[in-house]
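Peer 1: With the input below, show me the fold.
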Amino acid sequence: MKLGLQLGYWGALAPGNSHVELAQEAEKLGYDSVWTAESWGNDAFTPLAWIGAHTSKIRLGTSVAQLSARTPTACAMSALALDHLSGGRMILGLGVSGPQVVEGWYGQPFSKPVSRTREYVNIIRQVMAREAPVTNDGEHYPLPYKGPGAWGMGKPLKPITHPLRKDLPIFLGAEGPKNVAQTAEIADGWLPLYYSPYRQEVYADQLKGAKEGFEISAMAMVNINDDLEQALYPVKAMLAFYIGGMGSKKRNFHKELMSRMGFEAEADRIQELFFEGKQEEAIHVVPDQFADEISLSGSKARVKERLEAWKDSPVTSLLVMGDTSLLRDMAEMVL
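Peer 2: As a prediction, this is how the structure comes out:
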């Protein structure tokens, strides 16, 4: 199993040079990859380029770049440029985000996320292959554009710059069953938000179509603390926020995933409490079992023991967040 450093997206304040320093430490320790994210603050590509300029070997991934933030060809241009500048270290991680962000921040419809993803990936593959001018007859990203307001002068184009790699890896962040199955079919890797190595059957059928070499880079919060209750608290707080607040009452993909993993009643209650403004109560409703399964929590000895379940799973890379001390502990246990 490989390790990756997940830096996520920024909070209210920019992280300064700390993310570069963490990435450099991860590279020294033998980590395979470093990942940056975006929500509705910083973008994913700019910090990754900055980190790439200060490292030399570690792979550089977006986890994830949101589809609605840029057109497929614009996204391909960023990936193409970063792959060249880094000497072939780029991993393009993509995701649809959710209706609140897509419609509230980007001002675009969220409809048909699965077919939108397929079109998006197909266009990027065409750009990277550079075998013919890029075209697309789909309803989401028509190329050339011929809809309302068109001048009728659109011309299919190839990228001016020859991509460094035709097969630049594309990973997808996916949660719903159809989206995960499509990921196994069209992508080179999968970025699950929650993964339990103890419930591999939840995704087994959806991953059957994966090609040889398919990667699964799973996020696992790591909290080393001899007090298990304290170690699990940050995991439960994160879960309560995503399951309770990252979505609407109608649709919340994180809540739906928790339900599919066997905790439907608890997921309903967490959302109910969160919408009532009772966030602390919602955190306490998150089952210890669920938080424990998707994280690595407890004493160092316990974490080391529970790592065996991850090693016996289809997961190829474990993405962790933490300070230099935690990075070293994980390198010692895994690498």
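
Peer 1: can you count the residues close to R59?
Peer 2: R59 is flanked by 22 other residues according to other Cβ atoms under 10 Å. Just so you know, the C-beta spots here come from the backbone N, C-alpha and C atoms, and that holds for glycine as well.

Peer 1: Just list the residues touching it, thanks.
Peer 2: Taking Cβ atoms under 8 Å, 6 or more residues apart in numbering, we find R59 in contact with 32-34, 89-91.

Peer 1: just R328 next, same as before
Peer 2: 25, 29.

Peer 1: Okay, and it sits in which element?
Peer 2: helix 324-334 (DSSP states H and E).

Peer 1: Test of understanding: give the bridge partners of Q6.
Peer 2: Assessed by DSSP bridges, Q6 has beta-bridge partners W35.

Peer 1: Show me how far the lowest-mean-pLDDT helix or strand in the chain is from its chain's centre.
Peer 2: The helix or strand of the chain with the poorest confidence is helix 253-260; it has a mean of 85 (mean pLDDT, DSSP states H and E). Distance of helix 253-260 from the chain centroid (Cα atoms, centre = their mean, to the nearest Å) equals 16 Å.

Peer 1: Over to stretch 22-34?
Peer 2: When distances are taken as Cα atoms, centre = their mean, stretch 22-34 is centred 18 Å away from the chain's centroid.

Peer 1: Repeat that for stretch 139-156.
Peer 2: The answer for stretch 139-156 is 31 Å, by Cα atoms, centre = their mean.

Peer 1: any idea of the mean pLDDT in it?
Peer 2: In this model, stretch 139-156 has a mean pLDDT of 96.

Peer 1: Any buried residues in it, and which?
Peer 2: In terms of neighbour count (16 or more other Cβ atoms under 10 Å), stretch 139-156 has its buried residues at 140-141, 143.

Peer 1: Need the CA coordinates for that stretch. PDB is fine.
Peer 2: Provided in PDB are the C-alpha atoms of stretch 139-156 (Å, rounded to 0.1, in the frame of the first residue of the first chain):
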ATOM      1  CA  GLU A 139     -25.900  17.800 -24.600                       C
ATOM      2  CA  HIS A 140     -23.700  19.100 -21.800                       C
ATOM      3  CA  TYR A 141     -20.500  20.300 -23.600                       C
ATOM      4  CA  PRO A 142     -21.300  20.600 -27.300                       C
ATOM      5  CA  LEU A 143     -18.100  21.300 -29.400                       C
ATOM      6  CA  PRO A 144     -18.300  23.300 -31.600                       C
ATOM      7  CA  TYR A 145     -21.000  25.200 -29.800                       C
ATOM      8  CA  LYS A 146     -24.100  25.800 -31.900                       C
ATOM      9  CA  GLY A 147     -26.700  26.900 -29.400                       C
ATOM     10  CA  PRO A 148     -28.300  30.200 -28.500                       C
ATOM     11  CA  GLY A 149     -26.000  33.200 -29.200                       C
ATOM     12  CA  ALA A 150     -23.600  31.200 -31.400                       C
ATOM     13  CA  TRP A 151     -22.000  33.000 -34.300                       C
ATOM     14  CA  GLY A 152     -21.800  29.800 -36.300                       C
ATOM     15  CA  MET A 153     -18.100  30.200 -36.700                       C
ATOM     16  CA  GLY A 154     -16.900  27.600 -34.200                       C
ATOM     17  CA  LYS A 155     -14.100  25.300 -35.400                       C
ATOM     18  CA  PRO A 156     -12.900  22.000 -33.900                       C
END
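
Peer 1: which of the contacts of R59 sit farthest apart?
Peer 2: D32 and M90 (13.6 Å; Cβ to Cβ).

Peer 1: And these two? Which one has more around it.
Peer 2: Applying other Cβ under 10 Å to D32 and M90 shows that M90 carries more neighbours, namely 27 against 23.

Peer 1: from the contacts of R59, which is closest to A301?
Peer 2: The closest of these to A301 turns out to be D32 (Cβ to Cβ; 25.1 Å).

Peer 1: Nearest spatial neighbour of that closest one, chain-adjacent residues omitted?
Peer 2: Nearest residue to D32 in three dimensions, chain neighbours excluded: K2, at 3.9 Å (Cβ to Cβ, 6 or more residues apart in numbering).

Peer 1: before we move on, what about A218?
Peer 2: Once flanking residues are discounted, A218 sits nearest to Y195: 4.1 Å by Cβ to Cβ, 6+ apart.

Peer 1: Could you do A184 as well?
Peer 2: In space, and not counting its chain neighbours, A184 is closest to A210: 4.0 Å by Cβ to Cβ, 6+ apart.

Peer 1: check contacts around the residue most central in space within the chain.
Peer 2: The structure's the chain has its C-alpha centroid closest to S63; by Cα atoms, centre = their mean the separation is 3.7 Å. Contact analysis of S63 by Cβ under 8 Å, 6+ apart lists 6, 35-37, 44, 93, 171, 173, 191, 217, 319.
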